[in-house]
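*Asks:* Sequence and predicted structure below; questions after.
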Amino acid sequence: MNWAFWLPLLIVLSSLLAALVIFILPEEKTKTRIGLNIGAALLKIVLVAIMLWGVHSGYQFETRLPLLPGLELVLRADTLAMLFVALSAGLWLLTTVYAIGYLEDSPHRSRFFGFFGLCVTATVGVALAGNLITFLLFYELLTLATYPLIIHRGTEAARKAGRTYLIYTLAGGALLLIGTVWLYTLTGTLEFTARGFLSTLDSMHHPALIIIFVLLITGLGVKAALFPLHGWLPQAMVAPAPVSALLHAVAVVKAGAFGIIRVIYDVFGIEFSASLGVTLPLAIVASVTIIYASVRALFQDDLKRRLAFSTVSQVSYITLGVAIVGPLATIGGIVHLVHQGVMKITLFFCAGNLAETLGIHKVSEMSGVGRRMPWTMAAFTIGAFGMIGAPPLAGFISKWYLGLGALQAGQDWVIFVLAGSTLLNAAYFLPILYAAWFGKSTGSWPNERNIGRYETSLALLIPPVITAILAVLLGLLASVPFSPLEWTRLITSLEYTP
Amino acid sequence: MNDILWNLLLLSVPGLPLLLAFPPLHSRLPWFRYLAVTPAIIVALMSMTYSIELSWLLFGIGLGIDGQAQLLLGVSALLWIAVATLFSRKTSNSKAVNNLISSLFMLTMAGSFGAILATDLVGFFVFSTLMGYGFYGLLIAGDDLHHQTRRAARIYLVAMIIADVMLFEVLLITALVTENMSFAMAHQGIAQSDYLTLYLWLVVFGFALKAGIWPLHFWLIAVYRHLGSAMAILLCGVPVIIALLGMLRWLPLGETSSITTGVTLQGIGLIGLLYTCFLIFFEWLKNRSFTMITVYTMLLASGLFIIAIGTGLTDATTWIRYENSVYYFIALLSLALAILLALTIRLQQHHTTTTATQVDDNTAMWFERWPATAVAWAGNIGSHTLPEWRSGWLAKVNHLGLLVCVWKRSLAANERNLQGWTVAITLFLTLAAIITLLLIFH
């Protein structure tokens, strides 16, 4: 067996096959469904771990399958892909455990977990895509796989949110397709290459390349929730908590942000992008998004909506990091892909716990909840402080490199954006923590349910506690080998000319 | 003692309180607050200079102990023991609230010890931030909290966050000019960079905000007005002192001179001193709040501290000569203020009850009574025989005289209260003086 060919394919197929089997499983086959879900997630983690070790040791993993005349479906494991794949695989396991607990008595579980598996398949495909056309295919598959998850509850609000989501993301996909086709007609290749493949093009094509850049980034910016393309994200909060967690931390917004990284670094090349003059406007858009979304988050009483606007703001850190031309800022941006994922999934898990156990959906209902659900709120506190950028949590590492990178690149204005964003993050997260820990509890909650022996069921409690611990460890142990930070250093060293 | 034991001991100074912050641990241990202080006391009493480099932690954090850190650690440990004793009485009916208070207490302690031992900027920042948030939690934890206390705590939090953002920018600037973030290397790097002036002002502003130094003292006064004795001692002994220490550690004092910045700081310190003197005078006349006067005394001391810092920035060689005395100043300041606060809060409580029951005090000597008599006489003349504008003026003087009388009475009342506490105060002060001397000799 040729592992170099099969391993990327197996990683994609591990969740796809499980998803297809789950689709046809009868609703009452709960144990089989759980076994398939957990088994596939564990298998994927094992395969990813093998591939991670292989990539670190210098092995090349690549799957090439003919797709269209002159175009191939390429799955390739490079260092950047591995970062996203590892994140997706790790968080998928935790989200699956959480979703099993969350949907314990809900209808349509087979449908839900089927699309859930498809969604992860698409995300891993996006991560491993070795060229723009493969990326586009999985990117669109992701749109279609997440739509049924958003409208899973079947309410009018859910259907409306789903429609909005489809309109936004399909329009974005169309722009991405136009940009991709135009690029192919110009260059005849769509292969992702370290430092890009466009710098050798004649300068007469530069205006066209600028338009293509705008098309691609706008297409990707919809999923990455760049201002003013972010409108779908707060509406999609009607989805169940595991879906929100998946959308915000692992799949959809991350796919958009990851796409932006790919386009800037492996299609255009960061140095060529800077020479075209497209990085500064992108950095400005990202900065506006960071501040705008933070201000919007301040005024949201609905907890999930507040978290949604926080996502809009935080994901733009990634875009900002890659748009500031410099290795340190790149480290900050790319490492935030992982850090934001871990912290945000913690927050959404906790929000889900509050909703499921006590019926709490609003910040104004959270007074004293820390005494009723201390573990959940402890995890939430860590996630929130991480988002603020308090040391030594994961968010601090990201902000450190973003700030340092901005200074190194001579873009001092970014420091004010980071400082403003930190203050705003504190302004919308700390009141939640204050209410939860120090607010007076009335003792009665909107809709309290007794789930399990502890403050809630273990399936709901363990995932946020694990991700909260991860958020601490990612910060504290940032410098140890194989940490996301060290891995990102490796990625960056390949993207910049020494 | 071998290196492994020293490493463990040094790590346990912030590590043990951090570990004991977990409710499942501290709720099972008796005397856990005192237990958490133990490693700090042991390290403070052992005369050895030692440091460890934790390269795997964050960007690489260093912890170390030298003469200056020993002194501060010892004094800090003493304060924590005193506060732990006071806190052991602060309990709530709710187990959850007690657990929360204990956890926050431990986090604050871990942060303060860690900041004292930190040998690099990042380590100091991490521990002082932990301490700051922990302290904020302690301010607002409890069952029946006055809304003014909550408001004051909010002001403290905002001040702390703004200060942290500034210090974070300082860290970035330092990381830009030097890869090694230890204090010594950072000072060298920043002294030779173009960012020196910006660095100096950001550090001064950031830590001045945290320490409540004039003119950034607004939060300190707001917070103090509504604090109990334990928290008041903790505030002056921990966040404020750690902020002053931060200024000493972060500024490249003795490494470089910046005359403009130094002189400006001296000026600010002097204005702060004068302003605080006025504050003390008027506070005494108006409200006679002993607690507030102690706070103003702290402001006065921080004004002196700023003058010293300004002098150090003006002349590096002078700083090198007198550097140690500034550390002693901080250590003694925290101890003295804690004792003063404990006494004044106690005395004020007695004073309130005494003045409520005792309206007239005829025990004053004749020479103590004459100013009031003279003022009263002048007031009478003014109101009956002189034109109205003058009578108003004399009425004010009369009012001032009455205030003097009240002042006199309160002093006399306090004297009596003090007599009741003579033995306790003498013992405590003697103990504190002996321990401080021991630490200085160490």
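*Replies:* Alright, I've got the coordinates.

*Asks:* Going along the chain, name the helices of the stretch 1-150 of chain A.
*Replies:* For the stretch 1-150 of chain A, applying DSSP state H, counting those that start in this stretch gives helices covering A:3-24, A:30-56, A:79-102, A:109-128, A:132-150.

*Asks:* would CSV of the ones you listed with mean neighbour count be doable?
*Replies:* All C-beta atoms are positioned from the backbone trio N, CA, C, and that covers glycine. Formatted as CSV, these follow (neighbours: other C-beta atoms under 10 Å in any protein chain shown):
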stretch, mean neighbour count
helix A:3-24, 19
helix A:30-56, 17
helix A:79-102, 24
helix A:109-128, 26
helix A:132-150, 23
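
*Asks:* Now render these as CSV, adding mean pLDDT and distance to chain B.
*Replies:* Putting the helices of the stretch 1-150 of chain A into CSV (pLDDT from 0 to 100; distance: least, C-beta to the nearest C-beta, whole Å) gives the following:
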stretch, mean pLDDT, distance to chain B
helix A:3-24, 91, 30
helix A:30-56, 92, 18
helix A:79-102, 92, 20
helix A:109-128, 92, 28
helix A:132-150, 93, 34
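
*Asks:* and of those, who's closest to residue B:102?
*Replies:* helix A:79-102 (30.4 Å; C-beta to C-beta).

*Asks:* now the closest one, how far from the centre of its chain.
*Replies:* Between the centre of helix A:79-102 and the centre of its chain there are 10 Å (C-alpha atoms, centre = their mean, to the nearest Å).

*Asks:* Can you report how many residues lie near residue 268?
*Replies:* Going with chain A. Neighbourhood size, residue A:268 [other C-beta atoms under 10 Å in any protein chain shown]: 27.

*Asks:* Let me rephrase: I mean chain B.
*Replies:* Number of residues near residue B:268 (other C-beta under 10 Å) recorded here: 20.

*Asks:* Can you pull out the low-pLDDT segments for the stretch 101-250 of chain B?
*Replies:* Scanning the stretch 101-250 of chain B for pLDDT under 70 picks out the ranges B:142-144, B:228-229.

*Asks:* got the residues of it near chain A?
*Replies:* Residues of the stretch 101-250 of chain B found near chain A (C-beta under 8 Å from any C-beta of the partner chain) are B:122, B:125-126, B:129, B:133, B:137, B:140-141, B:145, B:157, B:161-162, B:165, B:168-169, B:171-173, B:175-176.

*Asks:* Kindly recompute the last result at 6 Å.
*Replies:* Selection of the stretch 101-250 of chain B residues close to chain A by C-beta under 6 Å from any C-beta of the partner chain yields B:126, B:129, B:140, B:161, B:165, B:172, B:175-176.

*Asks:* sorry, back to before: want to throw the helices of the stretch 1-150 of chain A into JSON lines with distance to residue B:216?
*Replies:* Below are those laid out as JSON lines (distance: least, C-beta to C-beta, whole Å):
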{"stretch": "helix A:3-24", "distance to residue B:216": "55"}
{"stretch": "helix A:30-56", "distance to residue B:216": "49"}
{"stretch": "helix A:79-102", "distance to residue B:216": "42"}
{"stretch": "helix A:109-128", "distance to residue B:216": "49"}
{"stretch": "helix A:132-150", "distance to residue B:216": "49"}
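
*Asks:* hmm, which of the residues of the stretch 101-250 of chain B next to chain A are the buried ones?
*Replies:* For those, a burial check counting by 16 or more other C-beta atoms under 10 Å in any protein chain shown picks out B:126, B:129, B:140, B:161, B:165, B:172, B:175-176.

*Asks:* Mind telling me the two of those residues farthest from one another?
*Replies:* Using C-beta to C-beta, those span at most 36.8 Å, a distance reached by B:140 and B:176.

*Asks:* Point me to the residue of the stretch 251-400 of chain B nearest chain A.
*Replies:* Closest approach between the stretch 251-400 of chain B and chain A, counting by C-beta to the nearest C-beta: residue B:252, at 19.0 Å.

*Asks:* Quick check: which element contains the nearest residue to that residue once chain neighbours are set aside?
*Replies:* Of all residues not flanking residue B:252 in the chain, residue B:187 sits nearest, at 3.7 Å (C-beta to C-beta, 6 or more residues apart in numbering or on different chains). Using DSSP states H and E, residue B:187 maps to helix B:183-191.

*Asks:* Contacts for the helix or strand just after that helix next, please.
*Replies:* Note on helix B:183-191: by DSSP H and E, the next helix or strand toward the C-terminus is helix B:196-211. For helix B:196-211, contacts defined as C-beta atoms under 6 Å, 6 or more residues apart in numbering or on different chains pick out B:159, B:163, B:166-167, B:169-170, B:173, B:190, B:216, B:240, B:243-244, B:246-247, B:250-251, B:258, B:261, B:302.

*Asks:* Can you show me the helices along the stretch 51-200 of chain B?
*Replies:* B:67-87, B:95-117, B:121-140, B:147-177, B:183-191, B:196-211.

*Asks:* So for residue B:225, which of these sits nearest?
*Replies:* Comparing those against residue B:225 with C-beta to C-beta, the closest turns out to be helix B:147-177 (6.8 Å).

*Asks:* who are the neighbours in contact with the residue nearest the centre of chain B?
*Replies:* The residue lying closest to the centre of chain B (C-alpha atoms, centre = their mean) is residue B:236, at 2.3 Å. For residue B:236, the contacting residues are B:298, B:337, by C-beta under 6 Å, 6+ apart.

*Asks:* switch the cut-off to 8 Å
*Replies:* By C-beta atoms under 8 Å, 6 or more residues apart in numbering or on different chains, the residues touching residue B:236 are B:294-295, B:298, B:334, B:337-338, B:341.
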